[in-house]
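> I'd like to go over a predicted model; first the sequence, then the structure.
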Amino acid sequence: MADRLVVELRNRDTSCLRFHTDGIASDSTATMLFERGKVSRFLNLAGQSAAIGQIRSVWNRQQQPLRFPDSLSSDECEFSRNEITSLLSGFVRIADWFWVNQPDHNRYASHKPLQLQRAQRIGFDIPRTLISNDPNAVLDFARSCPNGLIYKTLYSPLFPGSEGLACFTSLVTDEHLRSITTIRHTGGIFQEYVPKKFELRITLIGKRIFAVEIHSQDIAEMQVDWRVSDARKLTHQMHDLPATIDAKCRKFAEEFSLAYAAIDMIVTPDGRYVFLECNPSGQYGWVEDMTGAPMTAAMADMLAAGKVG
């Protein structure tokens, strides 16, 4: 997505600078000077000085782990990671830029329990949900879900240190429940299974909304979680949101001060719209490819303007 945005901006003769934050501890520097009632900031990216005063907008993409020299011990890396993270966090927090999205807002909006609470408050329909590490609570909840129970992670489906190993949303079986005591060590989200007609990826870019149907029920292996395989196997088509759902999506983004958000929902066979979750940094590239929706252009418009709309 970043590659196509850079091309879009350059085609408009709009200058942009790409900063891979994982290199801040190895080949780049950030400096803040506080003196005589002023703050001066300097950013050097792999030998290239960034004109801080000319930066209007920042697209905060998903960040890779910091890189450190092999000569550092594990303890030294941990110390350096904490210090460099604090340096970079302080640098961006005092910057008067338009953010998509401000890092603190992204982190705050990523908490799944908070998302569900806000979604309920706004008036979204959500699945009956239990979030717990109590095995007995999970067993009791499972018995109250005759149509089935699904499990998903609270933080990330990806296992640290693995290559592609992930724990995607899955149906909870009797076998899982027989070993449910292990949930005490990790916790999780358990939701009553909601039948699907199709799923929606609703991407908010400033004041524009792109709602796309993902027909996950067409392929058996992708019916519970379409992320388990290549989403391009599935039919995608644009969807006209009802005005009430459109307004609630906008309200949800406003609640978290998000200029960009990717919301996942279910449309049930009887036409109900059910909120699942929001990814403040969710991908949109494949959606644009599948539908032709001008999402990169919308992102470029917002960044060039330096405001939501």
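Received it, and whenever you're ready, just let me know what you need.
> Need the outlier residue of the protein, farthest from its centre.
Distance to the chain centre peaks in the chain at Arg36, reaching 40.1 Å (criterion: Cα atoms, centre = their mean).
> Quick check, pLDDT for it.
The model reports Arg36 with a pLDDT of 92.
> Can you tell me how far it is from Phe252?
Applying Cβ to Cβ, to the nearest Å, the value for Arg36 to Phe252 is 44 Å. C-betas here are computed from N, CA, C, even on glycine.
> now Ser281
Distance, Ser281 to Phe252, using Cβ to Cβ: 15 Å.
> Could you report the neighbour count for the closest residue to Ile263 other than its chain neighbours?
Among residues not flanking Ile263 along the chain, Ile202 sits closest, at 4.3 Å (Cβ to Cβ, 6 or more residues apart in numbering). Residues lying near Ile202 (other Cβ atoms under 10 Å) number 23.
> which ones are touching Ile202?
By Cβ atoms under 8 Å, 6 or more residues apart in numbering, the contact list for Ile202 reads 209-212, 241, 249, 262-265.
> Any chance of these in TSV with secondary structure and pLDDT as columns?
Shown next, in TSV, are the contacts of Ile202 (DSSP: H, G, I helix; E, B strand; the rest coil; pLDDT from 0 to 100):
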residue	secondary structure	pLDDT
Ile209	strand	98
Phe210	strand	98
Ala211	strand	98
Val212	strand	98
Leu241	coil	98
Cys249	helix	98
Ala262	strand	97
Ile263	strand	98
Asp264	strand	97
Met265	strand	98
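> I'd like to know the beta-bridge partner residues of the closest residue to Thr129 other than its chain neighbours.
Using Cβ to Cβ, 6+ apart and skipping residues adjacent in sequence, the residue nearest Thr129 is Gln191, 4.8 Å away. In this entry, Gln191 is beta-bridged to Thr129, Ile150, by DSSP bridges.
> returning to what we had before: closest one of the contacts of Ile202 to Ser89?
Using Cβ to Cβ, Ala262 comes nearest to Ser89 of those, at 23.8 Å.
> related to what we said a few turns ago, contact partners for the residue nearest to Thr129?
Each residue near Gln191 by Cβ under 8 Å, 6+ apart is listed here: 127-130, 149-150, 152.
> Mind pulling up the pLDDT for it?
Note for Gln191: predicted pLDDT of 97.
> Any idea how many residues pack against the residue nearest to Leu158 when sequence neighbours are not counted?
Nearest non-adjacent residue to Leu158, counting by Cβ to Cβ, 6+ apart: Ala166, 5.1 Å away. For Ala166, the count of nearby residues is 13 (other Cβ under 10 Å).
> and what of Tyr284?
Other residues within reach of Tyr284, judged by other Cβ under 10 Å, total 20.
> can you pull out the helices in this protein?
In the chain, the helices defined using DSSP state H lie at 2-11, 74-93, 103-109, 112-122, 135-143, 174-178, 243-255, 285-291, 295-305.
> most packed of these?
Highest mean neighbour count among these (mean count of other Cβ atoms under 10 Å): helix 295-305, with a mean of 20.
> Great, nothing more from me.
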